[in-house]
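Engineer: quick one: sequence plus predicted model below, questions after.
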Amino acid sequence: MGFSDADLQAIWLTTRIASITTILLLLIGTPIALWLARTTSRWKGPIGALVALPLVLPPTVIGFYLLMAMGPNGPIGQLTTALGLGTLPFTFWGLVIASVIYSLPFVVQPIQNAVEALGNRPMEMAATLRAGPWDCFFSVILPLARPGFITAAILGFAHTVGEFGVVLMVGGNIPGVTRVISVQIYDHVEAMEYTQAHWLSGAMVIFSFLVLTAVYSFNRRSKYRGGRHGV
Amino acid sequence: MGFNAKIAVQYPDFSLDVDLNLPTSGVTAIFGPSGSGKTSLIRAIAGLERPEYARITFGKQVWQEHDIFMPPHKRPIGYVFQESSLFDHMTVQQNLNYGLKRTHSPLSQHEQDHIIDLLGLSPLLHRQPEQLSGGERQRVAIARALLPGPALLLMDEPMAALDFARRKEILNFLERLKSDLKIPLLYISHNVDEVTRLADHLVIMADGKVTQQGPLQDILSRHNTLNRLSNEPFTLLFGQVTTVRTAHHLTEVDLGDALIRMPCQAVEEGAEIRLHLYAKDVSIALSRPQETSVLNILECHIDVIDEATADGQCLIHLTLRDTRIQARVSAYSCEELNLRPGRQVFAQIKAVSII
């Protein structure tokens, strides 16, 4: 068997973080995406840019600011300390929060694109047929923009699995708590354990390839149903 | 009480400023060229847009006033959009059920069946919207708006996206629907044909303002109202079928002050009908023509003669007793016959059609 116990622990930790992050991202990202898709507010540009920042910033920059904010003197750190939760850096939840911010654009943008492609008409139809906003979301937006939501979930998960820089800054390297696959690979290479590094890296390549294949074939399949959305 | 809409809104490129007291029964057509504010008006009534200033009341309900804004899903309306908008992820049946499941006042099962039957939807119920033609989609949209039992039906140019044949098909359905409709219908259109066939009441809009409103007949009897908006000048006549002579295959229609005979039509005796009389189908003679094949010759006097158009044609407005009709003759004939306002003439009607 190519994986050591420490490797398996890293894989399990990564899966847990990515799953929780994906669920949180869908809950947080959906309202942001709906707002961005439908608003005519002048804040649309700045908010959209803020959400997209993690796409262009080096992960170390995001990690650095999150570390400052969540540290004992940062605003988030002071809040969590006041609530009796301690500080978040180098903890599991600290890493989850960092992942949510880091992967936010990968969830918001597919949903936003899918909802924008629908236009306002389906929502207006629903409203004139007595459907309130929540009803409209579950009976019309979610089913019609489903490919966008699925793409968002897959990309959010995969991108969280692949993060490294932010983890190093915010999470450090604590086995079972913050030592995710990418960090584990780094450790293997540092220790010149190339065989181990090969196993994990190869697994990551195959995993990422399968995920992207799934996304692209899903997008192609759903195109004829009218669900146009970007990745 | 009643149905009132007072709306003032300023858009970057145009403003809408109307104060309407609308009938609570029958078909009211809102007529005007594109960009005259018709769609903004109907969307504000539906609550799909929230104008800066509006006071919209329907019966005892206040839909908008000051800070009060009833969201569209709370308003008892049915809305048919310009292009056939159906939920693409649902079958026809599911589309029809969508509003039904969410209303407190659905039509009775009998009325629902009648509408589905009238619109010919039974064979389509299990289809997906993408398998329907444009006309079929629009019929589904009309039924979907009606089944939940709205108190007001709104239609925003429901035929604009259809070709001529489909337009005719939907128009026939609407005409049949009209006689069964117990609720007011607000119908937006820039098509003279649709308006003259369907409307009881007419609101004419231009540049965000109402220029004329009132019963269709009253507005049409004013000179030039619709002619300015139509390429082919015509008169709309309202009459009652008095005799259907099967021996001669003729139908007689009483206009009140004149009798029109026309080739046998598929109408019943006593039926109230509307006739289209194009000015190009009316010619003028100074004395009663004898030995002619023209069936309808009406004695009338000249009211007004419009300036000749570039193609050398004059539009002549004629009056019987109460009825007004128009004739189009060449400026040359006008001169030759010395036609002047006030002169007694005979109008020969070559063709007239039931609409």
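Structural biologist: Good, I have the coordinates. Predicted, not measured: the structure shown is a model, and the values here were computed from it.

Engineer: list the buried residues in the longest helix seen in chain B.
Structural biologist: With secondary structure taken from DSSP state H, chain B has its longest helix at helix B:164-180. For helix B:164-180, the neighbour count (16 or more other CB atoms under 10 Å in any protein chain shown) marks B:166-167, B:169-171, B:173-174, B:177-178 as buried. (C-beta placed from N, C-alpha, C; glycine too.)

Engineer: next one: stretch B:52-65
Structural biologist: Using 16+ other CB under 10 Å as the test for burial, stretch B:52-65 gives B:54-58, B:63-64.

Engineer: what's the farthest-apart pair in those?
Structural biologist: Farthest apart among those by CB to CB are B:Ala54 and B:Phe58. That separation is 12.6 Å.

Engineer: the lowest-mean-pLDDT helix or strand in chain A and chain B in contact?
Structural biologist: Least confident helix or strand, chain A: helix A:194-223 with a mean of 86, by mean pLDDT, DSSP states H and E. No - against chain B, helix A:194-223 shows no contacts by CB under 8 Å from any CB of the partner chain, the least distance being 11.2 Å.

Engineer: in that helix, what counts as buried?
Structural biologist: With burial defined by 16+ other CB under 10 Å, the residues of helix A:194-223 counted as buried are A:196-197, A:199-201, A:203-204, A:211, A:215, A:218-219, A:222.

Engineer: thought B:Val62 was touching B:Arg75?
Structural biologist: No - B:Val62 lies out of contact with B:Arg75 (CB atoms under 8 Å); the separation is 10.9 Å.

Engineer: low pLDDT regions in the chain?
Structural biologist: If you meant another chain, say so; for now it's chain A. Applying pLDDT under 70 to chain A flags the ranges A:1, A:221-231.

Engineer: ah, no, chain B please
Structural biologist: In chain B (pLDDT under 70), the answer is B:1, B:221-231.

Engineer: of all the strand elements in it, which one is longest?
Structural biologist: Among the segments of chain B that qualify as a strand by DSSP state E, the longest is strand B:234-245.

Engineer: and whatever helix or strand comes next after it, what's buried?
Structural biologist: Proceeding N to C from strand B:234-245, the next assigned helix or strand is strand B:250-254, under DSSP states H and E. Of the residues in strand B:250-254, B:251-253 count as buried by neighbour count, 16+ other CB under 10 Å.

Engineer: and for stretch B:105-114?
Structural biologist: Quick answer for stretch B:105-114 (16+ other CB under 10 Å): B:107, B:112.

Engineer: stretch B:278-290 too?
Structural biologist: For stretch B:278-290, a neighbour-count test (16+ other CB under 10 Å) marks B:278-284 as buried.

Engineer: those residues of chain A touching chain B, which are they?
Structural biologist: Neighbours of chain B within chain A, by CB under 8 Å from any CB: A:121-122, A:124-132, A:135-136, A:139-140, A:143-144, A:225-226.

Engineer: which among those residues end up buried?
Structural biologist: Among those, those buried by neighbour count (16+ other CB under 10 Å) are A:122, A:124-131, A:135-136, A:139-140, A:144.

Engineer: strands paired with the very next helix or strand once past the longest helix of chain B, and their directions?
Structural biologist: Using DSSP H and E, the helix or strand that directly follows helix B:164-180 along the chain is strand B:185-189. According to DSSP bridges, strand B:185-189 has the following sheet partners: strand B:27-31 (parallel), strand B:152-156 (parallel).

Engineer: let me know which of the ones you listed is the nearest to B:Met262.
Structural biologist: Smallest distance to B:Met262 across the strands paired with strand B:185-189 (CB to CB): 25.2 Å, for strand B:27-31.

Engineer: now the angle from the closest one to helix B:164-180?
Structural biologist: Calculated by axes from the mean of the first three to the mean of the last three CA atoms, to 10 degrees, strand B:27-31 forms an angle of 140 degrees with helix B:164-180.

Engineer: buried stuff in strand B:27-31?
Structural biologist: By neighbour count on 16+ other CB under 10 Å, the buried set for strand B:27-31 is B:27-31.

Engineer: name the surrounding residues that touch that strand.
Structural biologist: Outside strand B:27-31, the residues that touch it by CB atoms under 8 Å, 6 or more residues apart in numbering or on different chains are B:22, B:38, B:41-42, B:178, B:181, B:184-190, B:192, B:194-195, B:198-205, B:216, B:229.

Engineer: got a quick PyMOL command for the buried subset of those residues?
Structural biologist: This is the PyMOL syntax for the buried subset of those, where burial follows 16+ other CB under 10 Å:
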select buried, chain B and resi 22+38+41+42+178+184+185+186+187+188+189+190+192+194+195+198+199+200+201+202+203+204+205+216+229
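
Engineer: who are the packing partners of the helix or strand that contains B:Ala5?
Structural biologist: Here B:Ala5, judged by DSSP H and E, is contained in strand B:3-10. Under the contact criterion of 3 or more CB pairs under 8 Å, 6 or more residues apart in numbering or on different chains; DSSP states H and E, strand B:3-10 touches strand B:15-22, helix B:38-46, strand B:53-58.

Engineer: switch those over to a markdown table; also include distance to chain A.
Structural biologist: A markdown table is the format used below for the helices and strands packed on strand B:3-10 (distance: least, CB to the nearest CB, whole Å):
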| stretch | distance to chain A |
| --- | --- |
| strand B:15-22 | 18 |
| helix B:38-46 | 6 |
| strand B:53-58 | 14 |
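
Engineer: got CSV for the ones you listed, with distance to B:Ala247 too?
Structural biologist: Formatted as CSV, those follow (distance: least, CB to CB, whole Å):
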stretch, distance to B:Ala247
strand B:15-22, 47
helix B:38-46, 48
strand B:53-58, 53
